[in-house]
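> I'd like to go over a predicted model; first the sequence, then the structure.
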Amino acid sequence: MDSIDVVFASDNNYAQHVAVAGASLLLNSEYPEKINIYILNDTISSENCRRIEETITCLRGNVTFISVDTKQISAFVSGHLSKAAYLRLLIPSLLPENITKAIYFDTDLVVLDDVQKLWEISLQGKPLGAVCDYGIMASKRMVKQKFETLGLPEGDTYFNSGMLVMDLVQWRSFEYDRKVVECILQNQFRHHDQDALNKVFLHNWYELPLRWNVIPPVFSLPLKVLLRHNMRSEAIKALKNPAVFHWAGRYKPWEFSLNKDFNMQYYQYFNSTSFSDNSMPKPSKDMTGKSVRRQAFRIKLAKLWGHIF
């Protein structure tokens, strides 16, 4: 088996979470020693780097830290999105030239299946593989907004950028990283780099199975998804066998105490890291209106819908 190259991007605030994501990745891999983890390091402290490295090496993975200067990324950020989120765009130039393919993961997720299965999916000659974003596609208002701002035609699919499989040969040859950064700088997109990626790769990306990026509109099955037959059936199938559980959006698993429905997977892998002695939970500065009970209820209700349909 060839090695698998995986990339995370993190600042010091997300150091614990990248360790959790990395631990989940390795613990669900049949051959963790074949996994090379590259961490794009946006000012992670030396102590936290040590703890991340200890977590990964103890689980038989390999880790390399690549220090970056985020001043070179002048795009605006807002809300929970940090500059580290833009670092995915620099992967082709930051990774060694001999690496021709990479999987990028956000750090607010856990991997629940062997990443080799994802690695072996053919991109059918496309430079990028990603998963449909049901939060956008199930909303008539958001689909209209993407048509107006990105030129996304009706019936086309919009993807979530929290998990990407990248053909780095094509990215380097066609300078896609430069094109996406330029697109960000020339526009004031609502969904930042994700919008820019969708615009640059319009009709030039491969849709991966939904289970490889299960986000809240999938794991909570809101009405806007339930009422669309095709989306509903795909979401229920992914929810029954998720490969990546991704807390995209405002609610993060570390903000709340252990809840078996909402964040049990996070705590499970947190306990396998060198951060396990950290105090938990870690509420964000703005917890206004956030209710873990409400989130847990939505997830339990989604599972009930899964049995009904």
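Received it, and whenever you're ready, just let me know what you need.

> The lowest-mean-pLDDT helix or strand in the chain: what's the following helix or strand?
For the chain, using mean pLDDT, DSSP states H and E, the weakest element among its helices and strands is helix 176-186, scoring a mean of 88. Proceeding N to C from helix 176-186, the next assigned helix or strand is helix 192-200, under DSSP states H and E.

> so where's the chain shaky on pLDDT?
1, 70-82, 84-85 (pLDDT under 70).

> Next, name the residue at the spatial heart of it.
The centre of the chain sits closest to G162, judged by CA atoms, centre = their mean, with a distance of 2.6 Å.

> related to what we said a few turns ago, just the buried positions in the least confident helix or strand of the chain, please.
Neighbour counts using 16 or more other CB atoms under 10 Å place 176-177, 179-181, 183-184 of helix 176-186 among the buried residues. C-beta here means a position set from N, CA and C on the backbone, and glycine is covered the same way.

> And for stretch 127-143?
Buried, per 16+ other CB under 10 Å, within stretch 127-143: 127-139, 142-143.

> returning to what we had before: what's next to the least confident helix or strand of the chain, contact-wise?
Here helix 176-186 makes contact (CB atoms under 8 Å, 6 or more residues apart in numbering) with 73-75, 86, 89-93, 127, 170-171, 192-193, 196-197, 199-201.

> tilt between it and helix 192-200?
If you take axes from the mean of the first three to the mean of the last three CA atoms, to 10 degrees, helix 176-186 sits at 120 degrees to helix 192-200.

> follow-up on the earlier one: if burial is judged by neighbour count, which of the contacts of helix 176-186 pass?
73, 75, 86, 89-92, 127, 170-171, 192-193, 196-197, 199-201.

> that older thread, nearest spatial neighbour of the residue nearest to the centre of the chain, skipping sequence neighbours?
Spatial nearest neighbour of G162, chain neighbours left out: D106 (4.0 Å); criterion: CB to CB, 6 or more residues apart in numbering.

> Around the one you found, count how many other residues there are.
26 (other CB atoms under 10 Å).

> Could you tell me the backbone phi and psi angles at I35?
Torsion angles at I35 (phi, psi; degrees, to the nearest 10) stand at phi -100, psi 120.

> For it, list the residues it contacts.
Counting by CB under 8 Å, 6+ apart, I35 touches 3-4, 6, 25-26, 29, 61-62, 115.

> top of these by neighbour count?
L25 (29 neighbours).

> counting contacts, what elements does the host helix or strand of L164 pack onto?
Using DSSP H and E, L164 sits in strand 159-167. Secondary-structure packing of strand 159-167 (3 or more CB pairs under 8 Å, 6 or more residues apart in numbering; DSSP states H and E): strand 101-105, strand 128-132, helix 192-200, strand 244-246.

> Let's see the first one as CSV, backbone CA atoms only.
So the one you mean is strand 101-105. Only the C-alpha atoms of strand 101-105 are listed here, as CSV (Å, rounded to 0.1, in the frame of the first residue of the first chain):
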residue,chain,number,x,y,z
LYS,A,101,-2.2,14.0,-4.1
ALA,A,102,-3.5,15.1,-0.7
ILE,A,103,-6.6,14.9,1.4
TYR,A,104,-7.5,18.1,3.3
PHE,A,105,-9.7,17.9,6.4
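
> ok, L128 - contacts?
164-167, 197, 201, 204-206.

> Buried ones among those residues?
Buried, going by 16+ other CB under 10 Å: 164-167, 197, 201, 205-206, out of the contacts of L128.

> Switch the helices and strands packed on strand 159-167 over to JSON lines; also include distance to Y38.
Shown next, in JSON lines, are the helices and strands packed on strand 159-167 (distance: least, CB to CB, whole Å):
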{"stretch": "strand 101-105", "distance to Y38": "8"}
{"stretch": "strand 128-132", "distance to Y38": "18"}
{"stretch": "helix 192-200", "distance to Y38": "18"}
{"stretch": "strand 244-246", "distance to Y38": "18"}
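
> doesn't G135 make contact with V143?
No: counting by CB atoms under 8 Å, V143 does not reach G135; the two are 11.0 Å apart.

> Surely S274 touches N48?
No: here S274 lies out of contact with N48, judged by CB under 8 Å, at a distance of 9.4 Å.

> burial of the closest residue to K260 other than its chain neighbours, as a residue count?
Closest residue to K260 apart from its sequence neighbours, by CB to CB, 6+ apart: A296 at 7.9 Å. For A296, the neighbour count with other CB under 10 Å is 18.

> Please name every helix or strand in contact with the strand or helix carrying A296.
Following DSSP H and E, one finds A296 within helix 292-308. Judged by 3+ CB pairs under 8 Å, 6+ apart, helix 292-308 is in contact with helix 229-240.

> F256: what's it in contact with?
262-263, 281, 283, 292.

> Of those residues, which pair is most distant in space?
Maximum pairwise distance among the contacts of F256 (CB to CB): 14.2 Å, between F262 and P283.
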